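1. take this sequence and fold it.
(one chain, ligands or ions: 1)
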Amino acid sequence: MSKLIKDQIKILKPSATLAINEESKRLSKNGKKIFKFGFGQSPFPIPDSIVLELKNNAQKNTYLSMQGLEELRIAIANDLNKNNGNNFSEEDIVIGPGTKELMFLMQILFQGEILLPAPSWVSYQPQAFIAKNKVHWIQTKNSSNWFPTPEQLEDKIKSIKEKNILLFLNSPNNPSGTICEDLEGIASVAKKHKLIILSDEIYSYLTFDDKYKSISNFYPERTIVSSGLSKWCGAGGWRLGFFAIPEPLKELRDSLKILCSESFSSVSAPIQFAAIKAYRGDHSIYLKAVRKILAFVGNYAYENLKSNLVNITKPQGGFYLFPEFTNAKFASSSEMCKDILNKTGVALLPGSDFGLNSSKMIARLSYTDFDGTNFLNNTLGSNKLDNADLKKYAPNIVDGINALKEWSNSL
Ligand code: GLU
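-> Below is the predicted model of the structure:
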């Protein structure tokens, strides 16, 4: 039989995040105790008012516009302008079935090369690969909070011949849980070299200190803001994301709309109607409680795992830690994660999935393995959380971190 799959596609593996989610579930189902620290998904419920809106709109059965429902785009632009200090109009917004799909289409249409900080989320590089875009990595360090410094960025740009460069920046960061502290410095280098920035802000509302800053404030003319419902609203499975593409990048926006129309047509109508509520409503009480729990759980995991043998940067937002086990000696970080899973039941993702050298004994830990509905409902009124709350509402975090600590001590 002649070959059916293109060489380029044949060498791809299922996305690491989705694969670890399915493998963790499979092992649990087979009776093994698994601490599900591999996949990064909000453990919290979708706010009731938004769920109700979905129910009320279940009968919406027509295709909506390829760019997305106008009312939703207005709600998103207003939300960004109010909370993110932007100046977007509804014309700048494109709605997609999750930002992942929009990023993929952007890679397909973009004529140029891709610049990724290492570590970066698992799908940026494979998407670039599928779209045949050349990727350049900037290896970052924990000393700069796992973000490139302006100097590193400038040096890298100078080594690239291509004029069109698309830089991905994700703060709060997946996989490190850290925040980029020199957005201004990065923006000024980007401006000088006319980079396009794709600012992945999917965790922005989960910034623990509540003072989120977007690079789009310093470089509005060529920054695309990417976000959606998945993380702040606990609605990953609803698959709704957006890009806000400023007027100077209109060419990209128009082309993206065409690719939307030729791929998914338009996003599920009931979900778009419900999302209006998500962006118009006041969810500050919910968000404050969610952030309080995540910050508490993240800090507990950080404090209890870090040691002179385990390096971790303090979490600042989102729900990840990026521990380095300095005394681990395995052929690769992926072999290390297999050993951890076998011996402790803790599922992690290796640093190599995020663009780090596989010899670095580092892994991503998602501290979301708890029942967020229960945790939220029982602590909504309390000002301060303590370790007793954690033992009660997030026992897998306590036990999984202990197991991991014991594993690292036994090396
Ligand atoms: N962003 C999540 C993660 O990194 C899961 C969603 C995905 O990768 O598609 O684990």
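2. helix or strand: which one has residue 198?
-> Using DSSP states H and E, residue 198 falls within strand 196-200.
3. that strand pairs with which strands, and in what direction?
-> Strand pairing for strand 196-200, using DSSP bridges, gives strand 165-170 (parallel), strand 223-228 (parallel).
4. roughly how far apart are residue 177 and residue 297?
-> Relative to residue 297, residue 177 is positioned 11 Å away (CB to CB, to the nearest Å). Bear in mind the C-beta positions are built from the backbone N, C-alpha and C, glycine included.
5. for residue 9, that is, sorry about that
-> In this structure, residue 9 and residue 297 are 38 Å apart, going by CB to CB.
6. quick one: which of those two has more around it?
-> Counted by other CB atoms under 10 Å, residue 9 and residue 297 do not tie: residue 297 has more neighbours, with 27 against 9.
7. next, give phi and psi for residue 177.
-> phi 70, psi 10 (degrees, to the nearest 10).
8. I'd like the strands paired with strand 196-200 as JSON lines, with mean neighbour count, distance to the ligand and mean pLDDT appended.
-> Converted to JSON lines, the strands paired with strand 196-200 look like this (neighbours: other CB atoms under 10 Å; distance: least, CB to the nearest ligand atom, whole Å; pLDDT from 0 to 100):
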{"stretch": "strand 165-170", "mean neighbour count": "23", "distance to the ligand": "10", "mean pLDDT": "98"}
{"stretch": "strand 223-228", "mean neighbour count": "25", "distance to the ligand": "11", "mean pLDDT": "98"}
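9. if we can go back for a sec, need the residues that contact the strand holding residue 198.
-> Here strand 196-200 makes contact (CB atoms under 8 Å, 6 or more residues apart in numbering) with 99, 103, 106, 112, 121, 164-171, 187, 190, 214-216, 219, 222-227, 249, 252.
10. what do you get for stretch 16-34?
-> Under the contact criterion CB under 8 Å, 6+ apart, stretch 16-34 has outside partners 13, 36, 38-41, 122-123, 341, 345-347, 349, 353.
11. which of the residues in it are buried?
-> Judged by neighbour count (16 or more other CB atoms under 10 Å), stretch 16-34 contains these buried residues: 16, 17, 19, 20, 21, 23, 24, 27, 34.
12. reformat those residues as TSV; add secondary structure.
-> TSV is the format used below for the buried residues of stretch 16-34 (DSSP: H, G, I helix; E, B strand; the rest coil):
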residue	secondary structure
16	helix
17	helix
19	helix
20	helix
21	helix
23	helix
24	helix
27	helix
34	coil
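13. ok, and which of those residues reach the ligand?
-> With CB under 6 Å from any ligand atom as the criterion, the buried residues of stretch 16-34 include residue 17 near the ligand.
14. and the buried residues of stretch 16-34, which is closest to the ligand?
-> residue 17 (3.4 Å; CB to the nearest ligand atom).
15. pull stretch 276-290 out as CSV, backbone CA atoms only.
-> Extracted in CSV, the C-alpha atoms of stretch 276-290 (Å, rounded to 0.1, in the frame of the first residue of the first chain):
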residue,chain,number,x,y,z
ILE,A,276,-21.1,37.2,26.9
LYS,A,277,-22.1,36.7,30.5
ALA,A,278,-18.6,35.7,31.4
TYR,A,279,-17.1,38.9,30.0
ARG,A,280,-19.9,41.3,31.0
GLY,A,281,-20.6,40.0,34.5
ASP,A,282,-18.8,40.8,37.7
HIS,A,283,-17.0,37.7,38.8
SER,A,284,-14.7,39.4,41.2
ILE,A,285,-15.8,37.4,44.3
TYR,A,286,-15.3,34.1,42.5
LEU,A,287,-12.0,35.1,41.0
LYS,A,288,-10.7,36.4,44.4
ALA,A,289,-11.6,33.1,46.0
VAL,A,290,-10.0,31.1,43.2
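16. all strands of this protein, in order?
-> Under the criterion DSSP state E, the chain contains strands at 35-36, 93-96, 113-118, 135-139, 165-170, 196-200, 223-228, 241-244, 310-311, 320-321, 324-325, 346-347, 349-350, 363-366.
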